[in-house]
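Participant: Sharing a model that was predicted from the sequence below.
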Amino acid sequence: MNKIQKPSVNKVNKVHKPTKYNKHQHNCGCNHDHSHEALYGELKEVPAVFSYSTSFELDKEVTADELKSCLVDWVESLKLWVSDNKYFIGHIKIFAENEKGFNLWLSTTGKNINIKSSEKYQDNNIKNITINMTAIIFGTDEQTLRSITLENLDRRLPHRS
């Protein structure tokens, strides 16, 4: 992968004067990239997209918090894989549900994982579950994304039938 250089907004070279704490401020007016994160990829790169839905039964019941922890670990493992390979997350979204009113939503665009749950979230012991997910990742191909996503899911979920 080639490192992508962000173009300068202002073509006139300016001397950047740091603030008194030697840190850039986003509104400092220097036209300097303040993210300090290297971007990698190809220009006009097409993302890999993987959508997946599955329903299954776990070998034993788990609490809602145990399942939530497994799904958060799954998303964290995908984020780590993306970071290690210098890929870029468009988004990862997961919706898990069961017939007893359990609903859990997880999403990320690369930094934090946003988590929302139904009101009955804590009241559930879960044996049957349906998981719907979509991942859009720049820098990889669809087959690799599918393989890594499903392998990581299988490693993190409690044993299932």
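Facilitator: Sure thing, it's come through.
Participant: Now for this structure: which helix has the highest residue count?
Facilitator: Assignment by DSSP state H gives helix 64-84 as the longest helix of the chain.
Participant: Please name every helix or strand in contact with that helix.
Facilitator: strand 88-97, strand 103-108, strand 114-117, strand 125-138, helix 142-156 (3 or more C-beta pairs under 8 Å, 6 or more residues apart in numbering; DSSP states H and E). To be clear about C-beta, it is placed using only N, CA and C from the backbone, and glycine gets the same treatment.
Participant: Let me know which of these is the nearest to T63.
Facilitator: strand 125-138 (6.1 Å; C-beta to C-beta).
Participant: Can you give the distance from that closest one to the centre of its chain?
Facilitator: Here strand 125-138 shows a centroid-to-chain-centroid distance of 13 Å under the convention C-alpha atoms, centre = their mean, to the nearest Å.
Participant: Paired strands for that strand, with orientation please.
Facilitator: According to DSSP bridges, strand 125-138 has the following sheet partners: strand 48-63 (antiparallel), strand 88-97 (antiparallel).
Participant: hang on, the earlier thing: got a list of contacts for the longest helix of the chain?
Facilitator: The contact list for helix 64-84 (C-beta atoms under 8 Å, 6 or more residues apart in numbering) reads 62, 87-89, 92, 94, 96, 102, 104, 106, 108, 110, 113, 115, 117, 121-126, 129, 131, 135, 137, 139, 148-149, 152-153, 155-158.
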